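# How does the following fold in three dimensions:
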Amino acid sequence: MTDMVNNDIEHANNTNPCQGVCVVDGDFCIACFRTSKERSEWYEYTNHQREQVLEEIKVREQNLFDEN
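A predicted model of the protein is given here:
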């Protein structure tokens, strides 16, 4: 069990898209494109949930740049 927890924490640390800015403009952080909920619950998410958020971040970022 400890190995699974350690692997989850390692995954969370390695995949965390935080840029250290943490400024929300509208629905998302302007640096990492996560919602406030996603940022606050990042370490509670499963690896699968984090991977889903990372995929959504790509879409959000692309949509932002497509609008401009």
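
# Helices of this protein, start to end?
Assigned by DSSP state H, the chain shows helices spanning 2-15, 36-41, 47-67.

# Now render those as a markdown table, adding mean neighbour count, distance to Val23 and mean pLDDT.
(C-beta placed from N, C-alpha, C; glycine too.) What follows is these, written out as a markdown table (neighbours: other Cβ atoms under 10 Å; distance: least, Cβ to Cβ, whole Å; pLDDT from 0 to 100):
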| stretch | mean neighbour count | distance to Val23 | mean pLDDT |
| --- | --- | --- | --- |
| helix 2-15 | 11 | 21 | 79 |
| helix 36-41 | 14 | 11 | 96 |
| helix 47-67 | 13 | 14 | 92 |
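
# Serialize those helices to CSV and add fields for distance to Ile30.
Compiled in CSV, the helices of the chain are given as follows (distance: least, Cβ to Cβ, whole Å):
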stretch, distance to Ile30
helix 2-15, 19
helix 36-41, 12
helix 47-67, 9
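
# closest one to Val21 among those?
Smallest distance to Val21 across the helices of the chain (Cβ to Cβ): 11.1 Å, for helix 36-41.

# show me the contacts for Val23.
Cys29, Ile30, Ala31 (Cβ atoms under 8 Å, 6 or more residues apart in numbering).

# Name the nearest of the residues you listed relative to Arg39.
Nearest to Arg39 among those, counting by Cβ to Cβ, is Cys29 at 6.4 Å.

# How many residues are close by that closest one?
Cys29: 21 surrounding residues under other Cβ atoms under 10 Å.

# What separation do you get for Ile57 and Asn6?
Distance, Ile57 to Asn6, by Cβ to Cβ, to the nearest Å: 25 Å.

# now Ala12
From Ala12 across to Asn6, the span is 11 Å (Cβ to Cβ).

# Equivalent analysis for Arg39, please.
Using Cβ to Cβ, one obtains 22 Å as the distance from Arg39 to Asn6.

# Also Lys37?
Distance of Lys37 to Asn6, given as Cβ to Cβ: 25 Å.

# Then Asn47?
Remark: distance between Asn47 and Asn6 (Cβ to Cβ) = 12 Å.

# cool, and Thr46?
Distance, Thr46 to Asn6, using Cβ to Cβ: 14 Å.
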